[in-house]
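>>> sharing a model prediction with you, sequence too.
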2 protein chains.
Amino acid sequence: MNFHFHRQGEDTQPGGMTPYIARRAQDALSIYRTNSEVYGQGEPSGSLYRVEFGCVRIGRVTADGRRQLCSFCFAGDVFGWESDDEHHFFAEAVEETGIRILRPGRDSEASIALFPLVLKSLRRIQEHLLVLGGTKVDERLADFLCEMAERQGDECLVRLPMPRSDVGDYLGVSFETVSRILRRFKERGIIRIPDTHSVEILDMDCLHEISGRASV
Amino acid sequence: MNFHFHRQGEDTQPGGMTPYIARRAQDALSIYRTNSEVYGQGEPSGSLYRVEFGCVRIGRVTADGRRQLCSFCFAGDVFGWESDDEHHFFAEAVEETGIRILRPGRDSEASIALFPLVLKSLRRIQEHLLVLGGTKVDERLADFLCEMAERQGDECLVRLPMPRSDVGDYLGVSFETVSRILRRFKERGIIRIPDTHSVEILDMDCLHEISGRASV
DNA sequence: CGGGGCCTTGATGTCGTTCAACGTATGTGG
DNA sequence: CCACATACGTTGAACGACATCAAGGCCCCG
């Protein structure tokens, strides 16, 4: 479920599924500039963060210098979950991004409200895991485009605010390969690339077929 | 749903770390035989499952026939989380496995008790995701062995109840490669392989170094 | 004794990383 | 306004790693 451009002060709750969070949402709204850090690996955790607009990348830099992104968060997504009191991942703004900081208590009310959200995060990560498990790079890219399309309301015109290197680090693929696969898709008539940060999906069925992600 | 050798009425609680769950744990204890299904993709969800002994694999078969495993669950692990009322993954017993079925309510008490558990699952999956994002197969195997060692109490002698094909499907690698890499580790003196389902880690530091998973 | 899993090992081909060069857009200071 | 710098993106060439195909070994069970 995508809350696009959800602004403060609106009492309407899309879906009405997170009343507790909504009530506390008068907490600070912070604007992060492109590539600025929301939190870093190793910093103390405790708060949750909800994206109001823009895009955030969550990831980690491993000991050997590789950078792996776990997820992108768009408007409506909540991130910052940790199983202990430390952030094991970093969070950075991909573009100019508005983030509302939530400070849920550890009481029952908070748990009830947050449970569906953390399950949603879990679900999304599991899906991503399926993608990374595959060996074919086309599948990964195809799936990525499908995922972005879904999360942006199944529009055919998908916006990709992140650079190619982010896509690569998200999919476990070199950024050169990202570029090449996109060209290949374009040549096959599956997508159009109006500009570097937009992709128009011309043949969604084909894309789904390539990704092969769907369960049997 | 198959209840093999379904027994009831055991009150002993290993660990006793999850009071709420423990109280309800007089629920059924089921014994699943090797390779039997706990639940399948597409079946209705609702319950949680706690492994008492043995090992469970969680995964999915994708449209193109590939099988991807998301996680292994050992004694004490809780699985079966879903964001809606359907299982999107299957769960199968790797070996003879005892599972206690929990039927938590949707009340606050349940949420509070379960929250740390689902966060733990989330954490584990995120770590696994980091591994799958890497390109080198040695890293994946090294990390797998480290993970198994950790979860079995940092013993040097690690038990691998699952077949090589499961390891491969878990790591996104062909089972032949799993076999080859293990041999390579053995030849380098990093591990010993007393029998096919046991690995003795001789040089844990080296293994950690190969995996390169640790954050900076 | 025969059959079927599971594991190992070898040979081969392919796909993706890596290295390298170039193109393009945006911003900065002279 | 132009020269330059910087970041991002595209494209090419070549090597190497891993999947795939294939064969054989081991063990358990019928």
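Yep, it's here.
>>> who's in contact with residue A:67?
If a contact means C-beta atoms under 8 Å, 6 or more residues apart in numbering or on different chains, then residue A:67 has A:59, A:60, A:61, A:169 as its contacts. No exception for glycine: its C-beta is placed from N, CA and C like everyone else's.
>>> how does it look with 6 Å?
Residue A:67 makes contact with A:61, A:169, according to C-beta atoms under 6 Å, 6 or more residues apart in numbering or on different chains.
>>> phi, psi of it?
Note on residue A:67: its backbone torsions stand at phi -120, psi 120 [degrees, to the nearest 10].
>>> that one and residue A:165: what is the separation?
Taking C-beta to C-beta, to the nearest Å as the measure, residue A:67 falls 8 Å from residue A:165.
>>> next: residue A:187.
22 Å.
>>> which one of those two is surrounded by more residues?
Counted by other C-beta atoms under 10 Å in any protein chain shown, residue A:187 and residue A:165 do not tie: residue A:165 has more neighbours, with 14 against 9.
>>> just the element for the residue nearest the centre of chain A, please.
Central residue of chain A (C-alpha atoms, centre = their mean): residue A:72, 2.1 Å from the mean position. Applying DSSP states H and E as the criterion places residue A:72 in strand A:67-73.
>>> right, and the helix or strand after that strand?
Heading C-terminal from strand A:67-73 (DSSP H and E), you reach strand A:78-79.
>>> does that next one come close to chain B?
No: contact between strand A:78-79 and chain B is absent, the nearest approach being 11.2 Å (criterion: C-beta under 6 Å from any C-beta of the partner chain).
>>> which is the next helix or strand following that strand?
As the chain continues past strand A:78-79, the following element, by DSSP H and E, is strand A:90-93.
>>> helices or strands up against that following strand?
Secondary-structure packing of strand A:90-93 (3 or more C-beta pairs under 6 Å, 6 or more residues apart in numbering or on different chains; DSSP states H and E): strand A:37-39, strand A:56-61.
>>> of those, which is nearest chain B?
strand A:56-61 (4.9 Å; C-beta to the nearest C-beta).
>>> pull the residues that contact the closest one.
Contacts of strand A:56-61 (C-beta under 6 Å, 6+ apart): A:67-73, A:79, A:89, A:91-94, A:97, A:166, B:215-216.
>>> that one pairs with which strands?
Strand pairing for strand A:56-61, determined by DSSP bridges: strand A:67-73 (antiparallel), strand A:90-93 (antiparallel).
>>> TSV for the ones you listed, including mean pLDDT and distance to residue A:42?
Conversion of the strands paired with strand A:56-61 to TSV gives the following (pLDDT from 0 to 100; distance: least, C-beta to C-beta, whole Å):
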stretch	mean pLDDT	distance to residue A:42
strand A:67-73	96	16
strand A:90-93	96	9
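>>> for residue A:126, which of those strands is the nearest?
In terms of C-beta to C-beta, the element of these nearest to residue A:126 is strand A:67-73, at 11.4 Å.
>>> buried sites along the closest one?
A:67, A:68, A:69, A:70, A:71, A:72, A:73 (16 or more other C-beta atoms under 10 Å in any protein chain shown).
>>> can you pull the poorly scored residue ranges out of chain A?
A:1-27, A:105-108, A:214-216 (pLDDT under 70).
>>> show me where it has its helices.
Taking DSSP state H as the criterion, chain A carries its helices at A:19-24, A:108-133, A:137-151, A:164-171, A:175-187, A:204-211.
>>> quick one: closest of those to residue A:37.
So among these, helix A:164-171 is nearest, using C-beta to C-beta, at 14.7 Å.
>>> show me what stretch A:118-137 is in contact with.
A:81, A:140, A:143, A:172-173, A:177, A:181, B:68, B:70, B:83, B:118, B:122, B:125, B:129, B:132-133, B:172.
>>> drop anything exposed from those.
Buried among the contacts of stretch A:118-137 (16+ other C-beta under 10 Å): A:81, A:140, A:143, A:172-173, A:177, A:181, B:68, B:70, B:83, B:118, B:122, B:125, B:129, B:132-133, B:172.
>>> related to what we said a few turns ago, restrict the contacts of stretch A:118-137 to those near DNA strand D?
Residues of those in contact with DNA strand D (C-beta under 7 Å from any atom of the strand): residue B:172.
>>> count the neighbours of residue A:99 for me.
23.
>>> I meant to write residue A:55 there.
For residue A:55, using other C-beta under 10 Å, the count is 22.
>>> what's the answer for residue A:96, then?
14.
>>> how's chain A carved up into domains?
A:19-124, A:134-211 (automatic domain parsing).
>>> go through those and name the closest to residue B:148.
Of all the domains of chain A, domain A:19-124 comes closest under C-beta to C-beta, at 19.4 Å.
>>> can the closest one be said to contact DNA strand C?
No: Domain A:19-124 does not reach DNA strand C (C-beta under 7 Å from any atom of the strand); its nearest approach is 8.3 Å.
>>> tell me how many other residues crowd residue A:196.
11.
>>> how many neighbours does residue A:171 have?
For residue A:171, the count of nearby residues is 25 (other C-beta under 10 Å).
>>> surely it meets residue A:138?
No: between residue A:171 and residue A:138 there is no contact under C-beta atoms under 6 Å: 10.9 Å.
>>> out of the buried residues of strand A:67-73, which is nearest to DNA strand C?
residue A:67 (11.6 Å; C-beta to the nearest atom of the strand).
>>> what sits against residue A:36?
Contact partners of residue A:36, counting by C-beta under 6 Å, 6+ apart, are residue A:93.
>>> repeat the analysis, applying 8 Å as the threshold.
Going by C-beta under 8 Å, 6+ apart, the list of residues near residue A:36 reads A:92, A:93.
>>> now it. Its backbone dihedrals?
phi -80, psi 160.
>>> ok, now how distant is it from DNA strand C?
16 Å (C-beta to the nearest atom of the strand, to the nearest Å).
>>> next one: residue A:130
16 Å.
>>> that older thread, return the set of residues that bridge with the residue nearest to the centre of chain A.
Under the criterion used (DSSP bridges), residue A:72 bridges to residue A:57.
>>> correct me, but it touches residue A:159?
No: between residue A:72 and residue A:159 there is no contact under C-beta atoms under 8 Å: 11.5 Å.
>>> thank you kindly, that will do.
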